[in-house]
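Undergrad: Predicted model, plus sequence, below.
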Amino acid sequence: MEREYYSRGELRTVDVLEDVVAVRVAAGVRGVTPDAFGTPSATAERTIDDPTLAAFRDANWLFVTPSPDVSRSVEEGAAVHDTDQVGRVVRQPDGTVAVATQRLNVQLSEDLSAAEAQRALADAGLTVRNELRFAPNLFEVDAQAGEDSLAASVRLHDDPRFVFAEPAFIEHIPARFTPTDPRFGEQWQWANTGQGGGVAGADVRAEEAWELSRGAGVRVAVIDNGFNPSHEDLAAAIVADSGFFEDAGADPPVFVQGTAGMPNSDHGTFCAGMVGARHDNGVGGCGAAPECVLLLIACLGDQVGTQTTLARAVAYAADPSTEVAGASATSGADILVSSLGPNGAVWQLTQTLELALEFAAVNGRGGRGLAIFWAASNGRNVDVLKDQVVSHRDVIAVVRSDRNDREDNAARGPEVELIAPGVDVFSTKGDGGYGTSTGTSFAAPCAAGCAALALSVDTALTRDELRRIMRESADKIGGVGYDADGHNDDYGFGRVNAHEAVLQAKRARDNRFEPVGTSVLSD
């Protein structure tokens, strides 16, 4: 059955899987099987790919053909026993599957006062679950009884009090990496001497950059599913403002500041190590910016949830006061990197996450703006434009290169911005050890760490100036053609060159403080 809804101002169509209901078993409830709600859904088994099914199951979701009582409860918007969320399963035209509940995100006109906004929400029959602080009059709400988020989105679209109303779909948002068999190896990404059959010099020129900068004074936010904050090569780098979104029984998820109880993951720990693993401490290797500090933000620990939680993480990275009352906006990050997202070609951006990206890009760093690095899809030569998150104008999309300075069949297209080492690279692991792995997931923090080296040299750089430096300093590798703007669809503006980026940042700083009466321009 086809249904319509609005997102980012566009009318979109989805197929609702007939006779399928998704239920999330409430936290603390044990031994519940699909039989408690109906029968296991054969339609869901046929329609949903295995990784997505497994992720939802791990997050306590069941897909059932509902019993009459459960069907009636869903239609009426009533609670279903032993569950904390219930929804319909929808399939997008691109084949991706999500769960539509009663939850949606709405923004009301900026002209409305706080009291007027609350009255408008009540008049519309909406129940406020959370106020999002990174845009005016932005709320997570539940639709009225008997109405799901799809219907509410359509109903509210023409209401002049509402800027938008879009469903908060429950999605599978995994980590973007393709693991290889762990092995001990040298960090060729920093200094490639030809080890492992590579090409000498096919690296980011980190050793030369470290002569001038090691990232001191720069705070890098890493958003991922989880981290090991006690890792011997990371603990000294992690700041107290780090935190995580706790969603066990919480609706919506609650932000917890600090690392006590933070969920762990190999993926996030590996990414954090690529950025800021310590140096000269007698253990492991080091990160691109071994003297930066790390603001770790864990969310979507089970890889299932809404883009709203991801949006909150992005906003927190830019301004912690969006989640922690009384927190200082100046304790936010200087650079943000994330490697979350589906590995297929398609990821539809919600307006809520877009608002968070825009908030961070404009308001981060006291108005200088937050440079946002994001791992593009690992899908073989997929169209980067189909991923609306990494192709967003405020996001620096990064793909992966190997030790021979060749791209490695990741996403391609006009919005690929940089390429960086991400094949068989060596970093920290969630179990406290070390190993090698492959993915754009690790190219993005490599690039972000190199940007931290440049920003450390000139902290007055705006995010646009830093972004331009990273583009202009990149090496035109691959033996391929670059267009008049210096861009190639597979290699972006080239492979990150940390040394040249640092030199360009130093020149920008020196020119900014040039004595009156002198000029850097020649006749």
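TA: Yes, it's here. Residues are numbered from 1 along each chain as shown.

Undergrad: How confident was the prediction at the closest residue to residue 302 other than its chain neighbours?
TA: Nearest non-adjacent residue to residue 302, counting by Cβ to Cβ, 6 or more residues apart in numbering: residue 59, 4.0 Å away. The C-beta positions use only the backbone N, C-alpha and C, and glycine is treated the same way. On the pLDDT scale, residue 59 is placed at 93.

Undergrad: got it, and the one 4 residues further on?
TA: Per-residue pLDDT puts residue 63 at 96.

Undergrad: measure residue 434 to residue 421 for me?
TA: To residue 421, residue 434 is 16 Å away according to Cβ to Cβ, to the nearest Å.

Undergrad: Low-confidence bits of the stretch 401-523 of the chain, can you list those?
TA: The stretch 401-523 of the chain contains residues with pLDDT under 70 at 513-523.

Undergrad: Number of residues surrounding residue 58?
TA: 12 (other Cβ atoms under 10 Å).

Undergrad: what's the answer for residue 72, then?
TA: For residue 72, using other Cβ under 10 Å, the count is 12.

Undergrad: immediately after the helix or strand hosting it, which helix or strand?
TA: For residue 72, the element it lies in under DSSP states H and E is helix 68-76. Using DSSP H and E, the helix or strand that follows helix 68-76 in sequence is strand 83-91.

Undergrad: what's the next helix or strand after that following strand packed up against?
TA: Going down the chain from strand 83-91, the next helix or strand is strand 97-100, by DSSP H and E. If you count contacts as 3 or more Cβ pairs under 8 Å, 6 or more residues apart in numbering; DSSP states H and E, strand 97-100 packs onto strand 10-25, strand 83-91, strand 171-172.

Undergrad: Any chance of JSON lines for the ones you listed, columns distance to residue 131 and mean pLDDT?
TA: What follows is these, written out as JSON lines (distance: least, Cβ to Cβ, whole Å; pLDDT from 0 to 100):
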{"stretch": "strand 10-25", "distance to residue 131": "24", "mean pLDDT": "94"}
{"stretch": "strand 83-91", "distance to residue 131": "20", "mean pLDDT": "93"}
{"stretch": "strand 171-172", "distance to residue 131": "22", "mean pLDDT": "94"}
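
Undergrad: if I've got this straight, residue 500 is in a strand?
TA: No: applying DSSP: H, G, I helix; E, B strand; the rest coil, one finds residue 500 to be helix, outside a strand.

Undergrad: Now it: closest residue in space, sequence neighbours ignored.
TA: Among residues not flanking residue 500 along the chain, residue 473 sits closest, at 3.9 Å (Cβ to Cβ, 6+ apart).

Undergrad: Residue 201 and residue 257: what is the separation?
TA: 43 Å.

Undergrad: scratch that, residue 79
TA: From residue 79 to residue 257 the distance is 31 Å (Cβ to Cβ).

Undergrad: now do residue 337
TA: Taken as Cβ to Cβ, the span from residue 337 to residue 257 is 20 Å.

Undergrad: higher neighbour count, those two?
TA: Higher neighbour count among residue 337 and residue 257: residue 337, with 31 against 15, using other Cβ under 10 Å.

Undergrad: What are the phi and psi values at the more buried one?
TA: Main-chain dihedrals, residue 337, degrees, to the nearest 10: phi -140, psi 140.

Undergrad: Contact partners for it?
TA: Shown in contact with residue 337 (Cβ atoms under 8 Å, 6 or more residues apart in numbering): 220-223, 271, 275, 372-374, 444-445, 447-448.

Undergrad: Please save the CA atoms from the longest helix seen in the chain in PDB.
TA: Using DSSP state H to define each element, the chain has its longest helix at helix 440-457. The C-alpha trace of helix 440-457 is given here as PDB (Å, rounded to 0.1, in the frame of the first residue of the first chain):
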ATOM      1  CA  THR A 440      36.300   5.000   4.000                       C
ATOM      2  CA  SER A 441      35.500   5.100   7.700                       C
ATOM      3  CA  PHE A 442      39.200   5.400   8.400                       C
ATOM      4  CA  ALA A 443      40.000   7.700   5.500                       C
ATOM      5  CA  ALA A 444      37.700  10.300   6.900                       C
ATOM      6  CA  PRO A 445      39.400  10.600  10.400                       C
ATOM      7  CA  CYS A 446      42.800  10.400   8.700                       C
ATOM      8  CA  ALA A 447      41.800  13.600   6.700                       C
ATOM      9  CA  ALA A 448      40.200  15.200   9.800                       C
ATOM     10  CA  GLY A 449      43.400  14.600  11.800                       C
ATOM     11  CA  CYS A 450      45.500  16.200   9.100                       C
ATOM     12  CA  ALA A 451      43.100  19.200   9.100                       C
ATOM     13  CA  ALA A 452      43.700  19.500  12.800                       C
ATOM     14  CA  LEU A 453      47.400  19.900  12.200                       C
ATOM     15  CA  ALA A 454      46.700  22.800   9.900                       C
ATOM     16  CA  LEU A 455      44.200  24.400  12.200                       C
ATOM     17  CA  SER A 456      46.600  24.100  15.100                       C
ATOM     18  CA  VAL A 457      49.000  26.400  13.200                       C
END
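
Undergrad: Now do it: distance to the chain's middle.
TA: 15 Å (Cα atoms, centre = their mean, to the nearest Å).

Undergrad: In the very next helix or strand once past that helix, which residues are buried?
TA: Using DSSP H and E, the helix or strand that follows helix 440-457 in sequence is helix 463-472. Neighbour-count burial for helix 463-472 flags 463, 465, 466, 467, 469, 470, 471 (criterion: 16 or more other Cβ atoms under 10 Å).

Undergrad: so how far is helix 463-472 from its chain's centroid?
TA: With Cα atoms, centre = their mean as the basis, the mean position of helix 463-472 lies at 20 Å from the chain mean.
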